[in-house]
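Q: just the structure for this:
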Amino acid sequence: MHGEEGHDREQEAVGIGFTDFGALILDLANAIEAAVEAEAERDVVAALTTEPAPPELARLTDRLITHCKTLAVGLGEIPAPQRSARAAGALRDWADLASADPAADARHDRSGNLAYARLLALLARTMLRALREHRARRAPHPAT
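A: Residues are numbered from 1 along each chain as shown. Prediction:
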């Protein structure tokens, strides 16, 4: 009898609109993606428009590195033949920047250098644009 009650509740849930879990998961993924992008944009603006004190600059730089890593994964998911020149260039620039040795290369100084944070911010902004352009190309266009 207990099994039948559970089955009845499942049928009720299906009857009130909980049938498309794929759409629900997609909505959640889109919400998470939007939040990640919004946080990246806030940090890009902060790096390009302010001069944070060294402790905050170090935290901002760490966040920008994380944003670039995350955005590079997103760009990397785009099949190579479908990548725009902007996306391909951003991935190339990230590979170059990520492989640099900050201790040996004065151009890439992770010690709190504002120029390094701004370089990361510009790269993150380019990656965001490339992802959004790709998304816009994939989106269905409304009939006119």
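Q: which parts of the lengthiest helix in the chain are buried?
A: As assigned by DSSP state H, the longest helix anywhere in the chain is helix 21-49. Buried residues in helix 21-49, counting neighbours by 16 or more other Cβ atoms under 10 Å, are found at 36-37, 40, 43-44, 46-47. The way it works is simple: take the backbone N, C-alpha and C, and place the C-beta from them, glycine included.
Q: okay, the residues you listed in JSON lines with pLDDT and distance to Ala90 next?
A: As requested, those are exported to JSON lines (pLDDT from 0 to 100; distance: Cβ to Cβ, whole Å):
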{"residue": "Val36", "pLDDT": "93", "distance to Ala90": "16"}
{"residue": "Glu37", "pLDDT": "95", "distance to Ala90": "14"}
{"residue": "Ala40", "pLDDT": "97", "distance to Ala90": "13"}
{"residue": "Asp43", "pLDDT": "98", "distance to Ala90": "16"}
{"residue": "Val44", "pLDDT": "98", "distance to Ala90": "13"}
{"residue": "Ala46", "pLDDT": "97", "distance to Ala90": "20"}
{"residue": "Ala47", "pLDDT": "96", "distance to Ala90": "16"}
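Q: from those, pick the one nearest Ala139.
A: Using Cβ to Cβ, Glu37 is the member of the buried residues of helix 21-49 that lies nearest Ala139, at 15.6 Å.
Q: quick one: residues contacting the one residue sitting closest to the centre of the chain.
A: The structure's the chain has its C-alpha centroid closest to Leu71; by Cα atoms, centre = their mean the separation is 4.1 Å. With contact taken as Cβ atoms under 8 Å, 6 or more residues apart in numbering, Leu71 is in contact with 40, 90, 124, 127-128, 131.
Q: rewinding a little: let's have the buried residues of helix 21-49 in TSV, adding distance to Phe21.
A: TSV is the format used below for the buried residues of helix 21-49 (distance: Cβ to Cβ, whole Å):
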residue	distance to Phe21
Val36	22
Glu37	24
Ala40	28
Asp43	33
Val44	34
Ala46	38
Ala47	39
